[in-house]
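Colleague: Let's see this in three dimensions:
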Amino acid sequence: MTAETAGNYRRIKWWPAVVCAIVASGLTATQRASAADWKPDRTVELITTAAAGGNLDITARAIQKIWRDQKLGPLAEVVNKPGGAGSVASAYLSQHPGNPHLLLTFPMTLFTSQIMGASNFQRTDVSPICLLFGQYVYLSVREDSPIKDGKDFIDRLRRDPSSISVAVATAIGNSIHMGIAIPMKAAGVDVRKMRVVAFKSSGQSVTNLLGGHVDVVASTFGTVLPHLQAGRIRVIGFSGNERLPGALATVPTWREQGANATFSNWLGIVGAKGLSQAQISYWEQTFAAMANSEEWRDDLNKNFRVNSFLNNREALKFFDAQYIQIREILTDLGLAKRPN
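Modeller: So this is what the prediction gives:
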């Protein structure tokens, strides 16, 4: 890995000052005027790559509820299109070019699946609307695990990268996998030799951890919280750049434990290819208002997410930069099928 690539690993983090400035300033007068030129005239489809009950489905339904209860957006229905590493949902959206009444909750998985050759999705197939939030990846062990802490975990992997089984959901090479591979790479572990096991959900990962079938679980925090509170597991590290409050106050970052890297999974919103500027501006304004609402902030806090709203212009830059960085990461993992 080149020094430049290593620098990219360390730079995969959020821009809190920029984000706060963008959210605070809202849209320009020109954008607000443009948004007023168009509005939905029918029920909107919020498309998600997850099945009902999945993490992204829950997010889509939170958006639907806030729009309805706070009158911040139009009537919407959640449309579940799971399968194919996001390709089923993206293919459905691509069948409706220019239709502003379809929106897709846009996960990092669509980039990873395309780079790994599992999907034909292209960045130019959609109209970016905004970035919504980020969330960190946490590593957990059973309460009685011989792995004492994150430093112990790193030391064991340095000696033998295949000595510990790491559960992820839902696929090798996805954001959860990267959330543990990136800090381990920074710590000097040969991440290509790590023993990573994929399960259909983080819930299944934790079940297998508690059953003694895997040694550690990498996941977002909501999945492990009830087990942490019940004393069944310990969280030994996470991919943020500083400690978080509340239930996470005692959990150290990887940087504190010898792995100088951060990582944040993200979720954006995109529309179909070929939307007009007036249509994009309407949706930009709608999601900006939601991002500033107390209800949305409460939902993010409940799920231990970071409010990272970026408007259309900034989100487009962010997605382009992320694609390059993700491609470099997956190339280092030996998983990239489409390096360009």
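Colleague: residues touching Y136, list them.
Modeller: Y136 is in contact with G179, T220, F221, F238, S239, G240, F263, S264, N265, F304, V306, counting by Cβ atoms under 8 Å, 6 or more residues apart in numbering. In this view, the C-beta of every residue, glycine as well, is placed from N, C-alpha and C.
Colleague: give me that answer again for 7 Å
Modeller: For Y136, the contacting residues are F238, S239, G240, S264, by Cβ atoms under 7 Å, 6 or more residues apart in numbering.
Colleague: cool, and N307?
Modeller: Contacts for N307 (Cβ under 7 Å, 6+ apart) come out as F133, A291, R297, L300.
Colleague: Also I115?
Modeller: I115 makes contact with I326, R327, L330, A336, R338 under the criterion Cβ under 7 Å, 6+ apart.
Colleague: can you do 10 Å?
Modeller: 121, 173, 323, 326-331, 335-340 (Cβ atoms under 10 Å, 6 or more residues apart in numbering).
Colleague: Please identify the buried residues of the strand ranked longest in the chain?
Modeller: Ranked by residue count, the top strand of the chain under DSSP state E comes out as strand 126-135. Within strand 126-135, the residues that count as buried by 16 or more other Cβ atoms under 10 Å are V126, S127, P128, I129, C130, L131, L132, F133, G134, Q135.
Colleague: and the third one, how far is that from T105?
Modeller: Meaning P128. Taken as Cβ to Cβ, to the nearest Å, the spacing of P128 relative to T105 amounts to 13 Å.
Colleague: Quick check: neighbours shared by those two?
Modeller: Common neighbours of P128 and T105 (Cβ under 10 Å, 6+ apart) are G268, I269, V270.
Colleague: ok so the last one is a strand residue?
Modeller: When you say that, I think you mean V270. Yes - looking at V270 with DSSP: H, G, I helix; E, B strand; the rest coil, it is inside a strand.
Colleague: The longest helix along the chain - contacts with which helices or strands?
Modeller: If you go by DSSP state H, the chain has its longest helix at helix 312-332. Applying 3 or more Cβ pairs under 10 Å, 6 or more residues apart in numbering; DSSP states H and E, one finds that helix 312-332 contacts helix 3-10, helix 16-25, helix 109-115, strand 126-135, helix 175-186, strand 265-272, helix 277-291, strand 306-310.
Colleague: Which other helices and strands does the helix or strand encompassing V196 contact?
Modeller: Assigned by DSSP states H and E, V196 belongs to strand 195-199. Strand 195-199 sits against strand 165-169, helix 175-186, helix 202-210, strand 216-219, with contacts defined as 3+ Cβ pairs under 10 Å, 6+ apart.
Colleague: Next, format those as CSV and append mean neighbour count and mean pLDDT.
Modeller: CSV is the format used below for the helices and strands packed on strand 195-199 (neighbours: other Cβ atoms under 10 Å; pLDDT from 0 to 100):
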stretch, mean neighbour count, mean pLDDT
strand 165-169, 23, 94
helix 175-186, 26, 95
helix 202-210, 20, 92
strand 216-219, 26, 96
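Colleague: and those as JSON lines, adding distance to R313?
Modeller: Listed next are the helices and strands packed on strand 195-199 as JSON lines, based on distance: least, Cβ to Cβ, whole Å:
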{"stretch": "strand 165-169", "distance to R313": "33"}
{"stretch": "helix 175-186", "distance to R313": "24"}
{"stretch": "helix 202-210", "distance to R313": "33"}
{"stretch": "strand 216-219", "distance to R313": "33"}
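Colleague: I'd like to know which of those is closest to L110.
Modeller: Taking Cβ to Cβ, helix 175-186 is the member of the helices and strands packed on strand 195-199 nearest to L110, at 10.7 Å.
Colleague: any idea of the angle that closest one forms with strand 265-272?
Modeller: Interaxial angle of helix 175-186 relative to strand 265-272 (axes from the mean of the first three to the mean of the last three Cα atoms, to 10 degrees): 130 degrees.
Colleague: Helix 175-186 to helix 202-210, inter-axis angle?
Modeller: Computed with the same axes, to 10 degrees, the direction of helix 175-186 lies at 50 degrees from that of helix 202-210.
Colleague: ok so, going back, look over the contacts of I115 and name the one with the lowest pLDDT score.
Modeller: Of all these, P339 carries the smallest pLDDT score, 53.
Colleague: wait, Q95 sits on I47?
Modeller: No - the pair Q95 / I47 is not scored as a contact, 11.1 Å apart, by Cβ atoms under 10 Å.
Colleague: neighbour count winner among the two?
Modeller: Neighbour count, other Cβ atoms under 10 Å: between Q95 and I47, I47 has more, with 25 against 9.
Colleague: per-domain residue ranges of this structure.
Modeller: 3-134+264-332, 138-257 (automatic domain parsing).
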